[in-house]
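Asks: Generate coordinates for the sequence data below:
(2 chains)
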Amino acid sequence: MSLTSEEVRRIAQLARLAVDDREAEGFAAALSDIFDFVEALDGADIEGVAPMAHPLDAEQRLRPDQVTEPDQRDLFQGIAPAVEGGVYLVPRVIE
Amino acid sequence: MEWETVIGLEIHTQLNTVSKIFSGAATAYGAEPNRQACAVDLGLPGVLPVLNEAVVRKAVMLGLALEAEIAPRSVFARKNYFYPDLPKGYQISQYELPIVARGHLDIELEDGGRKRIGVTRAHLEEDAGKSVHEGFGTMTGIDLNRAGTPLVEIVSEPELRSAREAVAYMKKLHALVRYLDICDGNMQEGSFRCDANVSIRPVGQTSFGTRTEIKNLNSFRFVERAINFEVARQIDLIESGGSVVQETRLYDPDRDETRPMRSKEEANDYRYFPDPDLLPVAVHAEAIEAIRAEMPELPDAKRERFARDYALSARDAGALTATRELADYYEALVAAGGTPKLAANWLMGDFTAALNRSELEMAQSPVAPAALAQLLARIQDETISGKIGKEVFDAMWAGEGDADAIIAARGLKQITDTGAIDRIIDEVIAANPSQLEQYRAGKDKLLGFFVGQVMKKTQGKANPAQVNERLRARLRGD
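Replies: Presented below is the predicted three-dimensional model:
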């Protein structure tokens, strides 16, 4: 399987990564090599094998439904670039 | 051309846990901004999500109530998109392996029939935070209190065929989650909200038309109006030679119309993949059976039992089981001695009216079932008439004491002494000679006039049936 540099630019855009055209071509080649390598798995016989969602053969542990987190707003907002009246401020997302 | 409407609903139900789905922060509504947003909810580096046990239990309860399959293993996935109210850059949701799949819900149709609606799946996910676009100049304010609140998204098959059916389905599901006590059902606060997928097709066609999705409908009325508008819009569009564009739309209740949402750039490419921070969720058969054993009686079963055990009409049984609180009150009332039919009439009539007037919830009622039962007993044993009963009830509601005390204090006991009633009847007849003459000349309707006069003189305390009987005799001149 091979990726085009256009596909790389689209993936980069979705991930909000700045990738210029020259880099996109390089990534396309490198990522295609990785896909080719992974494709070797297509040769494995997986008849009757359940898809693996996690490398650990374990179950999710659950916590009781209790409030355990204290309010640490001041601490968290101390490192925020901008806050006002308790809300975090970000560049306006709609016009 | 005849068109058929095709609707599927996605309903976001907020689970009523005290803490969040993956963190120990509180979920209480209405807190000051960001007071309930911890490091996990903020997506700070190095934090790990830990799943809330109550979230799994409540989802299993829902699955059992929908007679669905409970997945022995379900998997959380990351849904990737960028928006400031989603600080991690992804929402933890379930994609390929949801916890609940292939269930159904039966709805009642207007013609009295029933229709089974398939529930494709119900999956767990975390809610996002809230963006506030007004009041911060060139900035947007972000409140992350809601981030990480547990949601279960319930997805129906596209089997609903009208806005009315969609509303019936939504109401049924709303009652169900409240019966199960897994969601507070508060639609104003967004605890139960709906996205509607709507398309049309010529009657008889089996393939689907292009659909639009109307987002974030938070009232039954809006669901009905938004779907009706959207169906009319799509029909107009196609009949005038256009075609429907698959898009997300928003309903504007002020203008009663839907319009396209600003398209989020490449919004549909969420690149789901299993969340490596969370292991698969196992729900074992024993756990399912333990939850099944704790399930309350469900609305349909309760309605059927009410109709059967209390000899109620289907309509009364349906109304009394509309909420678990009302049904519980009714059963307590009957258990305290109220006859089933009288109890039903009072509960659906004066009692509900008083609740609405006082803007109170069932649990806040100033009149307890035992107190109301005492009032009904006084009507049944004819100590007071039904009409006087309403006066006593209003006094009870106002906190003036129990029924017997109010009847005694206000002297409302029905007059059953026939001598006393006869004396009043004679007075009334003597005072109205011309009406008496007309009555005797054949104007039977005047009986009502005489009854009214007697009841007025007794301040409603005479037994109307007794007054009727004795008046007829006196008027005839017996």
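Asks: Find the residue at the geometric middle of chain A.
Replies: Among the residues of chain A, the one closest to the centroid is A:Ala15, at 7.7 Å (CA atoms, centre = their mean).
Asks: Now chain A against chain B: closest residue?
Replies: A:Thr68 (3.2 Å; CB to the nearest CB). Yep, even glycine has a C-beta here, placed from its N, CA and C like the rest.
Asks: If you drop the residues flanking it in sequence, what lies closest to that residue?
Replies: Closest residue to A:Thr68 apart from its sequence neighbours, by CB to CB, 6 or more residues apart in numbering or on different chains: B:Gly24 at 3.2 Å.
Asks: Neighbours of that neighbour, how many?
Replies: 19 (other CB atoms under 10 Å in any protein chain shown).
Asks: element containing it, please.
Replies: Taking DSSP states H and E as the definition, B:Gly24 sits outside all helices and strands.
Asks: wait, what's in contact with it?
Replies: By CB atoms under 8 Å, 6 or more residues apart in numbering or on different chains, the contact list for B:Gly24 reads A:Arg63, A:Gln66, A:Val67, A:Thr68, A:Glu69, B:Cys38.
Asks: Going by distance to B:Arg121, which of those wins?
Replies: A:Arg63 (25.0 Å; CB to CB).
Asks: With A:Met52 as the reference, measure out to the nearest residue to that closest one once chain neighbours are set aside.
Replies: What sits nearest to A:Arg63 in space, not counting adjacent residues and going by CB to CB, 6+ apart, is B:Val50, at 4.7 Å. In this view, B:Val50 and A:Met52 are 22 Å apart by CB to CB, to the nearest Å.
Asks: can you check B:Glu400 too?
Replies: For B:Glu400 relative to A:Met52 (CB to CB), the value is 70 Å.
Asks: Where does chain B get nearest to chain A, which residue?
Replies: Residue of chain B nearest chain A, by CB to the nearest CB: B:Gly24 (3.2 Å).
Asks: Please report how far that residue lies from A:Arg63.
Replies: Distance from B:Gly24 to A:Arg63, by CB to CB: 7 Å.
Asks: again with A:Ile94
Replies: Taking CB to CB, one finds A:Ile94 at 37 Å from A:Arg63.
Asks: Have a look at those two and say which one is more surrounded.
Replies: A:Arg63 (16 against 7).
Asks: how many neighbours does the residue nearest to A:Arg63 have?
Replies: By other CB under 10 Å, the burial measure for B:Val50, its neighbour count, is 17.
Asks: What pLDDT does the model give it?
Replies: We note a pLDDT of 97 for B:Val50 in this prediction.
Asks: residues in contact with it?
Replies: By CB under 8 Å, 6+ apart, the neighbours of B:Val50 are A:Arg61, A:Leu62, A:Arg63, B:Phe22, B:Ser23.
Asks: State which helix of the chain is the longest.
Replies: Because you didn't say which chain, this covers chain A. Identified as the longest helix of chain A according to DSSP state H is helix A:21-39.
Asks: you looked at the wrong chain, it should be chain B
Replies: helix B:220-239.
Asks: by contact count, what packs against it?
Replies: Counting by 3 or more CB pairs under 8 Å, 6 or more residues apart in numbering or on different chains; DSSP states H and E, the packing neighbours recorded for helix B:220-239 are strand B:3-14, helix B:163-179, strand B:192-202, strand B:212-217, strand B:248-252, strand B:257-260.
Asks: List the buried residues in it.
Replies: B:220, B:222-231, B:233-234, B:238 (16 or more other CB atoms under 10 Å in any protein chain shown).
Asks: could I get the contacts of B:Val50 as JSON lines with distance to B:Phe450, pLDDT and secondary structure?
Replies: Shown next, in JSON lines, are the contacts of B:Val50 (distance: CB to CB, whole Å; pLDDT from 0 to 100; DSSP: H, G, I helix; E, B strand; the rest coil):
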{"residue": "A:Arg61", "distance to B:Phe450": "81", "pLDDT": "94", "secondary structure": "coil"}
{"residue": "A:Leu62", "distance to B:Phe450": "75", "pLDDT": "97", "secondary structure": "strand"}
{"residue": "A:Arg63", "distance to B:Phe450": "76", "pLDDT": "98", "secondary structure": "strand"}
{"residue": "B:Phe22", "distance to B:Phe450": "76", "pLDDT": "98", "secondary structure": "coil"}
{"residue": "B:Ser23", "distance to B:Phe450": "75", "pLDDT": "98", "secondary structure": "coil"}
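Asks: Quick check: of the residues you listed, which lies closest to B:Thr339?
Replies: Nearest member of the contacts of B:Val50 to B:Thr339, counting by CB to CB, is A:Leu62, at 48.2 Å.
Asks: Show me what that closest one is bridged to.
Replies: B:Leu51 (DSSP bridges).
Asks: still on that earlier bit, list the neighbours of the longest helix of chain B that are in contact with it.
Replies: Residues outside helix B:220-239 that contact it (CB under 8 Å, 6+ apart) are B:1, B:3, B:5, B:7, B:163-164, B:166-167, B:170-171, B:187, B:194, B:196, B:198-200, B:209, B:212, B:214, B:217, B:243-244, B:249, B:251, B:253, B:256-258.
Asks: Using PDB, write out every CA atom in that helix.
Replies: Written as PDB, here are the backbone C-alpha positions of helix B:220-239 (Å, rounded to 0.1, in the frame of the first residue of the first chain):
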ATOM      1  CA  PHE B 220     -40.500  17.100  22.400                       C
ATOM      2  CA  ARG B 221     -42.200  20.000  20.800                       C
ATOM      3  CA  PHE B 222     -39.100  21.100  19.000                       C
ATOM      4  CA  VAL B 223     -38.500  17.500  17.700                       C
ATOM      5  CA  GLU B 224     -42.000  17.400  16.200                       C
ATOM      6  CA  ARG B 225     -41.800  20.900  14.700                       C
ATOM      7  CA  ALA B 226     -38.200  20.500  13.400                       C
ATOM      8  CA  ILE B 227     -39.000  17.200  11.700                       C
ATOM      9  CA  ASN B 228     -42.200  18.600  10.100                       C
ATOM     10  CA  PHE B 229     -40.400  21.600   8.800                       C
ATOM     11  CA  GLU B 230     -37.500  19.500   7.400                       C
ATOM     12  CA  VAL B 231     -39.900  17.000   5.700                       C
ATOM     13  CA  ALA B 232     -41.800  19.800   4.000                       C
ATOM     14  CA  ARG B 233     -38.500  21.500   3.000                       C
ATOM     15  CA  GLN B 234     -37.200  18.200   1.400                       C
ATOM     16  CA  ILE B 235     -40.400  17.600  -0.400                       C
ATOM     17  CA  ASP B 236     -40.400  21.200  -1.800                       C
ATOM     18  CA  LEU B 237     -36.800  20.800  -2.800                       C
ATOM     19  CA  ILE B 238     -37.300  17.500  -4.700                       C
ATOM     20  CA  GLU B 239     -40.600  18.500  -6.300                       C
END
